[in-house]
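**Student:** Just a sequence and a predicted model for now, questions to come.
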Amino acid sequence: MVYSKYLTPRAYQGLLRLGDVLLPGTAHMPRFSSTHSSEHVDEVLRATADKDREDLVLVLSLFSVLPIGLVGFLLRYASKVSSAPIVPTPLVSGLHSMRTWWKTQWRLLDLGLRGVVFSVYYSGLNNGLSQTPNVHRQMDYQLACLPERAEQSIRATD
């Protein structure tokens, strides 16, 4: 059992389910839960406002008990609604304001949930865990910072 300072055990289970819906794994990339990157969620949530963390715990706790198909449907719906253009309806301004508010809420939910999952998945924080799939290695991501002189000597040899 992984201990999180900010997430309840139920919310942590919801994070794993959410991550596996968003990042189910492919032939080349590991499934979210198999990377154990979720163990570093506290590092992402540390800078999050208390109210936002409380709301996230509530949503993740809900996702932990919902059927996985419904979680996927809600994520697809949030993505679809948040990316749809807002068409003004001048005749019914109150309805337009309500639609705009509704889309904004779905957009915030979509961005917030994806942000947490993608941040820990692509962070590389699990690189020290030898028994888990390494996302950066799977992507063949190699960041190398060379001093300016070394870079010039490499260019000279090319």
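**Tutor:** Nice, I can see it.
**Student:** Show me which positions of the strand or helix carrying residue 53 end up buried.
**Tutor:** In this assignment (DSSP states H and E), residue 53 forms part of helix 50-65. Neighbour-count burial for helix 50-65 flags 53, 56-57, 59-61, 63-64 (criterion: 16 or more other Cβ atoms under 10 Å). For the C-beta atoms, the positions are set from N, CA and C on the backbone; glycine is no exception.
**Student:** Stretch 3-17 too?
**Tutor:** 4, 6-7, 11-17.
**Student:** you'd agree residue 59 is up against residue 15?
**Tutor:** No. Contact between residue 59 and residue 15 fails when scored by Cβ atoms under 8 Å: they sit 9.9 Å apart.
**Student:** which residues of the chain score low on pLDDT?
**Tutor:** For the chain, residues meeting the criterion pLDDT under 70 lie at 1, 84, 86-96, 124-158.
**Student:** What segments of it are helices?
**Tutor:** 9-22, 32-35, 41-45, 50-65, 68-83, 93-122, 135-139, 148-157 (DSSP state H).
**Student:** circling back to that earlier point, switch the buried residues of helix 50-65 over to TSV; also include distance to residue 44.
**Tutor:** Output for the buried residues of helix 50-65, formatted as TSV (distance: Cβ to Cβ, whole Å):
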residue	distance to residue 44
53	10
56	10
57	14
59	15
60	13
61	18
63	17
64	18
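**Student:** returning to what we had before: now, among the buried residues of stretch 3-17, which is nearest to residue 99?
**Tutor:** Set against residue 99, the nearest of the buried residues of stretch 3-17 by Cβ to Cβ is residue 14 (28.5 Å).
**Student:** Just the C-alphas of the helix holding residue 53, formatted as CSV.
**Tutor:** Only the C-alpha atoms of helix 50-65 are listed here, as CSV (Å, rounded to 0.1, in the frame of the first residue of the first chain):
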residue,chain,number,x,y,z
ASP,A,50,-6.0,23.1,-0.7
LYS,A,51,-9.5,23.4,-2.2
ASP,A,52,-8.4,22.0,-5.5
ARG,A,53,-6.8,19.0,-3.7
GLU,A,54,-10.0,18.4,-1.8
ASP,A,55,-12.0,18.5,-5.0
LEU,A,56,-9.5,16.2,-6.7
VAL,A,57,-9.8,13.7,-3.8
LEU,A,58,-13.6,13.8,-4.1
VAL,A,59,-13.5,13.1,-7.9
LEU,A,60,-10.8,10.4,-7.6
SER,A,61,-12.7,8.7,-4.8
LEU,A,62,-15.8,8.7,-7.0
PHE,A,63,-13.8,7.2,-9.9
SER,A,64,-12.6,4.4,-7.6
VAL,A,65,-16.1,3.0,-7.3
